[in-house]
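Peer 1: Here is my input; please provide its structure:
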Amino acid sequence: MDAVELARKLQEEATCAICLDYFTDPVMTACGHNFCRECIRLTWEKARGKKGRRKRRDSFPCPECRELSPQRNLRPNRLLTKVAEMARQHPCPQRGDLCQTHQEPLKLYCEDDRSPICVVCRESREHRPHRVLPVEEAAQEHKARLEEDVASLRAEVAKTGALRAQEEQSLVDWQELVQARRRRILAEFEKVRLLLVDEQQRLLRALKEEEAETAGRLQGRRAALAQQGLTLELLLQQLEDLGGRTPLQLLQAMKDPPSRKSSAPVQYPEATPALLRTVCRVPGQIEVLKTFQEDVLPDPATAYPYLLLYESRQRRYLSTPPDGVPCSRDRFLAYPCAVGREAFSSGRHYWEVGMNLTGEALWALGVCRDNVSRRDRVPKRPENGFWVVQLSKGKRQEPVAPAPTPVTLTEPPSHVGVFLDFEAGEVSFYNLRDGSHLHTYAQAAFPGPLQPFFCLGTPKSGQMVISTVTLWVKG
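Peer 2: Numbering: from 1, shown residues only. Okay, here's the model as predicted:
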């Protein structure tokens, strides 16, 4: 029997069968079994309260063999007390505490192999040149290292906890910052809304005052003309009556000065121009539209043969077909026009056009369908696929299609902004000099993709600038 098995047997003999722990004040029953005195007493106390379990007075069954044993016959077992004490002081070694090769206790530690060994392994050829320490001494060294690692790890845990608390506070601070920014955004937009409401009311008041002023002049002019018409009709009736009289009566009536035409002079009031001074201008609207700005460039392949396109970034003229070369079906031949390279079939888009007009030639810009007629002269109206405004220096600026209130300017703007909202079915034009609204086309939906459209006048009539490309007609 090996040492482990012997120690296990010793442990079993020193263990109480009731509490399964080492004996404490062991006693022996009449049948020869041993128990802790307190364990057997409690067991028999429980058995006394159960009916039908006692066959003789003061006799109780043994917990192991069930043989009746008088309670007064319990004898102390002093030898077993010593055995239990020895087993308690020298616990049974486990299988893991023994060398698997020699079945000896692992009392040494090999530093080179980093593993426990027994005294037999120490004398072997394999471990003889190695540095070997007693297990307790090696454990102390490793325990010291372990304590260092534990201290370091605790420091890292504390640092991690501090960083975690810091991050939690940062999260709280960030959320407070977001809330403050949210409140600020709402407050600023509310402020702008109130300013826009004030500006709206101011413009409406100005328009109302202008309406009342102009309407008063128009009504006064109408009343004066009505009165003058009545006077002229009365004079006409008098003259017609004179024409029906006899010659003598006619000659006598002609001596009366009030009956003559010169006695009722005709005066025509000065015409009141129907030009609105109050413009539609929303503060900050152009800045908002610029968020949808596109880098629109005219397509040289669609340009009129004598329309020159100069790219400022590349510092070169874009290609145009030489004389005598057949033109493609995409090229405009009826007017000095061009369209943008990209067609839009959804979304919102904004671009700006600069102009330097000379002369009085008619220009146009806006959008057109991607399949408009490019070889025939057709009116540039929405029903023909054009949504444009026409510009002419020194004359009025107005959309090609009739509008309820056509825009009239003494001078065309030097820069025009074009905003296309495809889903809304709208094309709007703005004067970038003062941010005022010029005109808006609105319909339920567009019939298909749209392209930016640019049309110039005659040679030497000026230039048009789209992004980095300058357009003019070759003279």
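Peer 1: Helix or strand with the lowest mean pLDDT in this structure?
Peer 2: strand 398-399 (a mean of 56; mean pLDDT, DSSP states H and E).
Peer 1: Downstream of that one, the next helix or strand is which one?
Peer 2: As assigned by DSSP states H and E, the chain's next helix or strand after strand 398-399 is strand 415-421.
Peer 1: helices and strands around that next one, which ones?
Peer 2: Secondary structure elements in contact with strand 415-421, counted by 3 or more Cβ pairs under 8 Å, 6 or more residues apart in numbering; DSSP states H and E, are helix 285-289, strand 348-357, strand 363-369, strand 426-431. Quick note: C-beta positions are derived from backbone N, CA and C, even for glycine.
Peer 1: Next, the buried residues of the longest one.
Peer 2: Right, the one you point to is strand 348-357. Of the residues in strand 348-357, R348, H349, Y350, W351, E352, V353, M355, L357 count as buried by neighbour count, 16 or more other Cβ atoms under 10 Å.
Peer 1: how far is it from where the chain is centred?
Peer 2: Counting by Cα atoms, centre = their mean, to the nearest Å, strand 348-357 is centred 29 Å from the centre of its parent chain.
Peer 1: Just list what the helix or strand containing E209 packs against, helices and strands only.
Peer 2: For E209, the element it lies in under DSSP H and E is helix 135-243. On a contact count with 3+ Cβ pairs under 8 Å, 6+ apart, helix 135-243 meets strand 108-110, helix 247-253.
Peer 1: Mean pLDDT lowest where, among these?
Peer 2: Comparing mean pLDDT across the helices and strands packed on helix 135-243, the lowest value falls on helix 247-253: a mean of 69.
Peer 1: ok, E352 touching V416?
Peer 2: Yes. Assessed by Cβ atoms under 8 Å, E352 is found in contact with V416 at 7.0 Å.
Peer 1: any shared contact partners between the two?
Peer 2: Shared contacts of E352 and V416 (Cβ atoms under 8 Å, 6 or more residues apart in numbering): L432.
Peer 1: and the closest residue to Y304 other than its chain neighbours, how many neighbours does it have?
Peer 2: Spatial nearest neighbour of Y304, chain neighbours left out: P336 (4.3 Å); criterion: Cβ to Cβ, 6 or more residues apart in numbering. A count of nearby residues for P336, using other Cβ atoms under 10 Å, gives 24.
Peer 1: Can we start the residue count at 285 from this point?
Peer 2: Noted, 285 is the first residue going forward, which turns the last one into P620.
Peer 1: Tell me the confidence at P620?
Peer 2: pLDDT, read off for P620, is 90.
Peer 1: now swap in V403 and tell me
Peer 2: For V403, the predicted pLDDT is 75.
Peer 1: Go ahead and confirm it touches L392.
Peer 2: Yes. Judged on Cβ under 8 Å, V403 makes contact with L392 at a distance of 6.6 Å.
Peer 1: Give me the more crowded residue out of these two.
Peer 2: Higher neighbour count among V403 and L392: L392, with 22 against 14, using other Cβ under 10 Å.
Peer 1: which ones are touching the more buried one?
Peer 2: For L392, counting by Cβ under 8 Å, 6+ apart, the contacting residues are P400, I401, C402, V403, C405, R406, V416, L417, P418, V419.
Peer 1: Beta-bridge partners for it, please?
Peer 2: I401, P418 (DSSP bridges).
Peer 1: Can you report how many residues neighbour E493?
Peer 2: 11.
Peer 1: May I see the domains of this protein written out as residue ranges?
Peer 2: 287-376, 569-757 (automatic domain parsing).
Peer 1: hey, which of those is tucked in deepest?
Peer 2: Across those, averaging neighbours per residue (mean count of other Cβ atoms under 10 Å) puts domain 569-757 on top, at a mean of 17.
Peer 1: In three-state terms, label Q735 for me.
Peer 2: strand (DSSP: H, G, I helix; E, B strand; the rest coil).
Peer 1: Next one, pLDDT for it please.
Peer 2: Value for Q735, per-residue pLDDT: 96.
Peer 1: again, but for Q459
Peer 2: So Q459 comes in at 94 (pLDDT).
Peer 1: try P553
Peer 2: At P553, pLDDT is 63.
Peer 1: How about R356?
Peer 2: pLDDT, read off for R356, is 64.
Peer 1: if I look at R359, how far off is D309?
Peer 2: Distance of R359 to D309, given as Cβ to Cβ, to the nearest Å: 12 Å.
Peer 1: what do you get for Y714?
Peer 2: Taken as Cβ to Cβ, the span from Y714 to D309 is 107 Å.
Peer 1: And for L430?
Peer 2: Taking Cβ to Cβ, one finds L430 at 41 Å from D309.
Peer 1: on that earlier part again, could you check how far the helix holding E493 is from the centre of its chain?
Peer 2: On Cα atoms, centre = their mean, the centre of helix 419-527 falls 17 Å from that of its chain.
Peer 1: got it, and stretch 295-312?
Peer 2: 75 Å.
Peer 1: what comes into contact with it?
Peer 2: So stretch 295-312 is in contact with 317-324, 327, 347-348, 358-361, 364-365, 367-372, 375-376, going by Cβ under 8 Å, 6+ apart.
Peer 1: how about low-confidence regions in the stretch 435-584 of the chain?
Peer 2: 533-559 (pLDDT under 70).
Peer 1: what's near enough to touch P733?
Peer 2: Per Cβ under 8 Å, 6+ apart, neighbours of P733: A627, F628, S629, R653, D654.
Peer 1: and what of N357?
Peer 2: Per Cβ under 8 Å, 6+ apart, neighbours of N357: T313, A314.
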